[in-house]
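Peer 1: This is a predicted model, with the sequence first.
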Amino acid sequence: MSARNDKYGGDSRIKAVLGPTNTGKTHLAIERLCAHSSGAIGFPLRLLAREVYDRVCAIKGAERVALITGEERIEPPHARWLLCTAEAMPVGADLAFVALDEAQLAADRERGHIFTDRLLHVRGREETMILGSATIEPLVRSLLPKAEVIERPRFSTLSHVGAKKLSRIPPRSVIVAFSAEQVYAVAEMLRRFRGGAAVVMGALSPETRNRQVALYQSGEVDYLVATDAIGMGLNLDVGHVAFASLSKFDGLRQRRLSTAEMAQIAGRAGRHQRDGTFGTLAGTGSHDALFTPEEVYAIEEHRFPALTKLFWREAEPDCSSVASLIDDLERGPDQPELAPAPLAIDLAVLKRLAEEPDLAVLPRDEAMVRRFWDACSLPDFRQAGVDTHARFVARLWEDLRRGQLGADYVARSIAKLDNPSGDIDTLQMRIAAIRSWAYIAQRPDWVVPREEMAARARAAEARLSDALHARLTERFVNRRTSVLMRKLGPDAGLLPVTLHEDEVRVDGEPIGHLCAFRFVVDPEARLADRKLLLAAAERHLPGLLAQRAAQLVSQIDAGEPPLLLDREAVRWDGETIARLQPGKQRLETRLVADRSLSAIPPEPCQQALAAIDRWLTAVLAPLEPLRALIEASADPEAGPELRAVLIRLCEGGGTVERAGSGVDVLAAEQRARLRELGVRIGGLDLFMPAILKPAPLTAWRALQSARGVDLPSVVPSMPVVVPLLGKTRLPPGYRALGNQALRIDMANKLLLEVHEVRTREKRRHFPIASARPISMGLTLQSFHRLLRIAGFHPLPARLLPDGAQGPPAPIHWRWIDPPSIARRGAASKLAEPTGAFAALAKLVK
């Protein structure tokens, strides 16, 4: 790297490789690093630097590769390839290649000024590479006009799948939360539902995070619960990312994630050529836990608002005095693309100590001011806040201003923290504190002996990390299932089985659900000993089915039956629970239980069947007018002609075409008897208005299906007109008119109005208005077809004289008795009855 360049561009070739996650940017940087004689890559996380360090060591050999972070330094004497955190990048080294990863973090409030400085000033002798999101592209082009911008498309597709319950989240998923409490709650539920989950949080040490990730990657658990720390630095085998929330506390306020932050996290799903999905966690009770359509579009299409400013702070401030140092650090940038960095923790500590000289003796010469600034720059690993961290720095400065920290003091401080007992939170606090001492021990002029103290700090952190990993695994990974057989032996009935709504759970683990009275195994249920748990479910199934039967009975008795009559089948939850079989009489039927009810204990099963029978009786009640017809058809005093008409009406379910029905040979008193029974004599049909409704027609269809007669489906709302498209069958209660069907009672009403017009006109031919049928929804063609069927014939349209103005005259119609009626003769011309009433018709004759 050359010295700082005021023109920002430098003399080396600069490449800005920009794009979303899963584009292979890091892999490209590693390839370019290894292709040069020397080089360095700056990463945002120690964890990522360590991961790439291991990969480069496998290529170049550990003796020639260095790892440089604030807390850990592995520097062989002849190292030529350096893997660093952004803060630890050696600014003055002469290296052929330099890369900066996640350059968009230059807009981060806390660390952005570090990335901005590296972006503007750190250069490789032969090649410089800037890796990051496409949102930084406009600023890169403005600040580095000589840079070559290379856009990298994502290798796989990222798709939104909406909200899912935690019990429905697929395996190989990451659930992202934004507080330790929420992480623990989700991980605890996954332990109960799915046998366990790995946990990754920013507060964990890199070692603990690596071991938790290994727990997930090895397949020991299929779920990972993480904070937004997963957004970068972890390459995982993830198929789905679920957000438990879409807002977080950013140190100042609770706010909704930006679309770029959402995409950074969601982009963990799908690696290389394998597609991924993302969504939210249903049932969290959070009002903001749903993506907006705009956010979904932005994430799927990788379209985000470009960054407008990068945070900047003077990287080489004036250290002639503490006041000059503070002034220089608070000075604003000259470039319009840059903005003053917000107050970071290091500057806040410096100002606090400068304002309260009782906390620390302030330095006066330049070298001591620079040393004082280095002490204030100690990262706040404990996240203790300005006041607590300032007191810790002041205590360090008491020794540093006199020389170096005493070995005994450092050793005692490390030993005090080297205690692997305690709960998860306690161990996390100790690890955060030990990381501070690991950082202190890496400073060559702060501690003597440096190597020994650094080794002690690393060893203590490793032991604490092992203990924390064990606590996390113990709490959030359920290994009980794998030893159930050894604990319980062959008696699966000892396992607790419960029914939650319709979900069957064995020892808290969902293994399936009840669909009506049929048990359906959940294909996503992953259990270590599936056979044992299924055996437990089967052992308890009769009791669970008895609960379902009692639930069905209570719903029917409460007037809220969940049943559906579909042809001859009685359905519940889409499953058949009983079927209708025909009885001796036309409207008689009996109920036959489905085989799935055989697993119900006898008493609740009989109660359920009795309740279903009561429900069926109520469903068939609308057919009572038809029952009156059947009784009247058996009355000898009605006369053979009337009984024959009634038989045909019974066979047709309350409707029959007038032509061939025999109604025209009935005497006046017989027609009156028909009207008393609720039968209306129309121009084309005989029908019962009480039957032309969805409920009785559905009941009639079920009875016919039980007898093997397949009738078309009933139109639910029975509109006046329905379309007949393609091979659509004519619904019950309608008359076909070409591409439309008209309800029978409305067809009769229209024809009645037409005959009233004919009577009033008293002419052989007359015009017929079409406004009424068109208002019903009939087309003109359908209406004309109805008139022709009823015996009306159109006359040729009368044309206006030549030169006359105005519309053509309406069509005139002439009524002629239909041939079937005009040539009606004796009763011998009537069609013979068919079906169940054939024998009765012969007796009538």
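Peer 2: That came through fine.
Peer 1: Only C-alpha atoms from now on, for both contacts and neighbour counts.
Peer 2: OK.
Peer 1: Can you report how many residues lie near the closest residue to S38 other than its chain neighbours?
Peer 2: Closest residue to S38 apart from its sequence neighbours, by CA to CA, 6 or more residues apart in numbering: R80 at 4.9 Å. The tally of other residues near R80 (other CA atoms under 10 Å) stands at 19.
Peer 1: Strands along the stretch 701-845 of the chain, start to end?
Peer 2: Ranges of strands in the stretch 701-845 of the chain, per DSSP state E, counting those that start in this stretch, are 721-723, 734-737, 740-743, 765-767, 792-794, 812-815.
Peer 1: Was I right to think L730 contacts L711?
Peer 2: No - with contacts counted by CA atoms under 8 Å, L730 stays clear of L711, the gap being 9.2 Å.
Peer 1: helix or strand right after the helix or strand bottoming out on mean pLDDT in the chain?
Peer 2: None of the helices or strands of the chain scores lower by mean pLDDT, DSSP states H and E than helix 484-488, at a mean of 36. Next along the chain after helix 484-488, taking DSSP states H and E as the criterion, comes strand 497-500.
Peer 1: Give me the buried positions along that next one.
Peer 2: With burial defined by 16 or more other CA atoms under 10 Å, the residues of strand 497-500 counted as buried are V497, T498, L499.
Peer 1: now those residues in CSV, with pLDDT and distance to H784?
Peer 2: As requested, these are exported to CSV (pLDDT from 0 to 100; distance: CA to CA, whole Å):
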residue, pLDDT, distance to H784
V497, 71, 67
T498, 73, 65
L499, 73, 61
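Peer 1: Switch those over to TSV; also include distance to L666.
Peer 2: Formatted as TSV, these follow (distance: CA to CA, whole Å):
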residue	distance to L666
V497	69
T498	67
L499	64
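Peer 1: V296: which of these is nearest?
Peer 2: The shortest approach to V296 among the buried residues of strand 497-500 belongs to L499, at 36.1 Å (CA to CA).
Peer 1: didn't the closest one look like it was pressed against L544?
Peer 2: Yes - shown here, L499 and L544 form a contact pair, counting by CA under 8 Å, at 6.7 Å.
Peer 1: in the stretch 501-650 of the chain, what spans have low per-residue confidence?
Peer 2: Within the stretch 501-650 of the chain, the segments meeting pLDDT under 70 span 506-509, 511, 522-539.
Peer 1: now the strands for it?
Peer 2: Taking DSSP E, counting those that start in this stretch, the strands of the stretch 501-650 of the chain run over residues 503-506, 509-515, 518-521, 563-566, 569-572, 575-582, 589-593.
Peer 1: Partner strands of the fifth one, with direction?
Peer 2: In its sheet, strand 569-572 lies beside strand 563-566 (antiparallel), strand 575-582 (antiparallel), with partners assigned from DSSP bridges.
Peer 1: just those strands: most buried one?
Peer 2: Highest mean neighbour count of the strands paired with strand 569-572: strand 575-582, a mean of 20 (counted as mean count of other CA atoms under 10 Å).
Peer 1: List of residues touching that strand?
Peer 2: 515-517, 568-571, 588-597, 702-703, 706-707 (CA atoms under 8 Å, 6 or more residues apart in numbering).
Peer 1: ok, now stretch 562-574?
Peer 2: The contact list for stretch 562-574 (CA under 8 Å, 6+ apart) reads 515-516, 552, 555-556, 576-581, 698-699, 701-706.
Peer 1: about what we covered before: out of the strands paired with strand 569-572, flag the one nearest P420.
Peer 2: Smallest distance to P420 across the strands paired with strand 569-572 (CA to CA): 56.5 Å, for strand 575-582.
Peer 1: Would you mind writing the CA trace of the closest one as CSV?
Peer 2: C-alpha atoms of strand 575-582 as CSV (Å, rounded to 0.1, in the frame of the first residue of the first chain):
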residue,chain,number,x,y,z
GLU,A,575,-62.9,-36.1,4.6
THR,A,576,-65.9,-38.5,4.1
ILE,A,577,-67.3,-39.7,7.5
ALA,A,578,-70.5,-41.3,6.3
ARG,A,579,-72.5,-42.1,3.2
LEU,A,580,-76.2,-42.2,2.3
GLN,A,581,-77.7,-45.5,1.1
PRO,A,582,-81.2,-45.6,-0.5
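Peer 1: Could you give the separation of it from the chain centroid?
Peer 2: Between the centre of strand 575-582 and the centre of its host chain there is 37 Å, according to CA atoms, centre = their mean, to the nearest Å.
Peer 1: any idea how far D685 is from R352?
Peer 2: Look at D685 and R352: by CA to CA, to the nearest Å, they are 98 Å apart.
Peer 1: And those two? Which one has more around it.
Peer 2: Set D685 next to R352 and count neighbours by other CA under 10 Å: D685 wins out with 19 against 16.
Peer 1: Which pLDDT value goes with N478?
Peer 2: On the pLDDT scale, N478 is placed at 58.
Peer 1: brain fart, L405
Peer 2: At L405, pLDDT is 88.
Peer 1: OK, contacts around it?
Peer 2: Counting by CA under 8 Å, 6+ apart, L405 makes contact with L396, D399, W446, V447, V448.
Peer 1: Looking at strand pairing, list the partners for it.
Peer 2: Counting by DSSP bridges, L405 forms beta bridges with V447.
Peer 1: likewise W572?
Peer 2: L563, E575.
Peer 1: Burial check on it, number of neighbours?
Peer 2: W572: 18 surrounding residues under other CA under 10 Å.
Peer 1: Please tell me how far it sits from A621.
Peer 2: From W572 to A621 the distance is 21 Å (CA to CA).
Peer 1: What of L139?
Peer 2: L139 sits 77 Å away from A621 when distances are taken as CA to CA.
Peer 1: Tell me where the stretch 251-400 of the chain has strands.
Peer 2: Using DSSP E, counting those that start in this stretch, strands in the stretch 251-400 of the chain cover 254-256, 276-281, 310-312, 338-340.
Peer 1: Could you check how many residues crowd around A29?
Peer 2: 23.
Peer 1: nope, V754 is what I meant
Peer 2: 17.
Peer 1: Pretty sure it sits against I768.
Peer 2: Yes - with contact defined as CA under 8 Å, V754 counts as touching I768 (7.0 Å).
Peer 1: Pull up the overlap in contacts between those two.
Peer 2: Shared contacts of V754 and I768, defined by CA under 8 Å, 6+ apart, are absent.
Peer 1: pLDDT wise, what is R435 at?
Peer 2: Reported pLDDT for R435: 89.
Peer 1: Using CSV, write down the CA coordinates of whichever strand or helix holds it.
Peer 2: Counting by DSSP H and E, the element that carries R435 is helix 424-442. The C-alpha atoms that make up helix 424-442 are tabulated as CSV, following Å, rounded to 0.1, in the frame of the first residue of the first chain:
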residue,chain,number,x,y,z
ILE,A,424,-25.5,-18.2,29.4
ASP,A,425,-25.7,-14.5,30.2
THR,A,426,-22.9,-14.7,32.7
LEU,A,427,-20.6,-16.5,30.3
GLN,A,428,-21.3,-14.0,27.6
MET,A,429,-20.3,-11.1,29.9
ARG,A,430,-17.1,-12.9,30.8
ILE,A,431,-16.2,-13.5,27.2
ALA,A,432,-16.9,-9.9,26.3
ALA,A,433,-14.5,-8.8,29.2
ILE,A,434,-11.8,-11.3,28.2
ARG,A,435,-12.0,-10.0,24.6
SER,A,436,-11.0,-6.6,26.0
TRP,A,437,-7.9,-8.1,27.7
ALA,A,438,-7.1,-10.1,24.5
TYR,A,439,-7.1,-6.7,22.6
ILE,A,440,-5.0,-5.1,25.3
ALA,A,441,-2.5,-8.0,25.3
GLN,A,442,-2.0,-7.6,21.5
